[in-house]
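sharing a sequence plus its predicted fold:
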Amino acid sequence: PSAVAALVALSFSGAIGLTFLMLGCALEYYGVYWPLFVLIFYFICPIPHFIAKRVSDDSDAASSACRELAYFFTTGIVVSAFGFPIILARVEAIKWGACGLVLAGNAVIFLTILGFFLVFGRGDDFSWEQW
């Protein structure tokens, strides 16, 4: 598929994920906006990858300590984003239905972020570095 079609599909899936997140907050039955704090996890998720990409000069190596550390931190961020609404629901700050909607939104958003790096992170003539 072309890069423009991939970009449109990723934009659509990102909008769907944010819709799940907003439904978990804004529906009248739920009405609590604490789950919006997962937006912080969405923004900091790619940062370890960017740092590892910038620091590691050896891109031919199958594995480097810097890249592995970036994977570790990214995994911690993603797990925290899934754990946060579960903890909020457990302490009854939000309802379990809102937790489910936020978890669905998390899954869609993180798959969208992964898809973005798989499509535009190849380093060919059309990559995310041009954006």
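Arrived safely.

so where's the chain uncertain?
For the chain, the stretches flagged by pLDDT under 70 are 1, 57-63, 122-131.

what's the helix or strand for residue 40?
Secondary-structure element containing residue 40, defined by DSSP states H and E: helix 38-44.

okay, buried residues for that helix please.
Of the residues in helix 38-44, those buried under the neighbour-count criterion (16 or more other CB atoms under 10 Å) are 38, 41-42. All C-beta atoms are positioned from the backbone trio N, CA, C, and that covers glycine.

what segments of the protein are helices?
Secondary structure of the chain by DSSP state H: the helices cover 3-26, 38-44, 47-55, 65-90, 96-120.

mind putting the ones you listed in TSV, distance to residue 32 included?
Below are the helices of the chain laid out as TSV (distance: least, CB to CB, whole Å):
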stretch	distance to residue 32
helix 3-26	7
helix 38-44	13
helix 47-55	28
helix 65-90	8
helix 96-120	7
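
before we move on, back to that, against which helices or strands is the helix holding residue 40 packed?
helix 65-90, helix 96-120 (3 or more CB pairs under 8 Å, 6 or more residues apart in numbering; DSSP states H and E).

so which of the helices of the chain is the most packed in?
Among the helices of the chain, the stretch with the highest mean neighbour count (mean count of other CB atoms under 10 Å) is helix 96-120, at a mean of 19.

that one - contacts with which helices or strands?
Of the remaining helices and strands, those touching helix 96-120 by 3+ CB pairs under 8 Å, 6+ apart are helix 3-26, helix 38-44, helix 65-90.

out of everything not next to it in sequence, what's closest to the residue positioned nearest the centre of the chain?
Within the chain, one residue has its C-alpha closest to the average C-alpha position: by CA atoms, centre = their mean, that is residue 110, at 3.2 Å. Distances taken as CB to CB, 6 or more residues apart in numbering place residue 78 nearest to residue 110, at 5.7 Å, with adjacent residues excluded.
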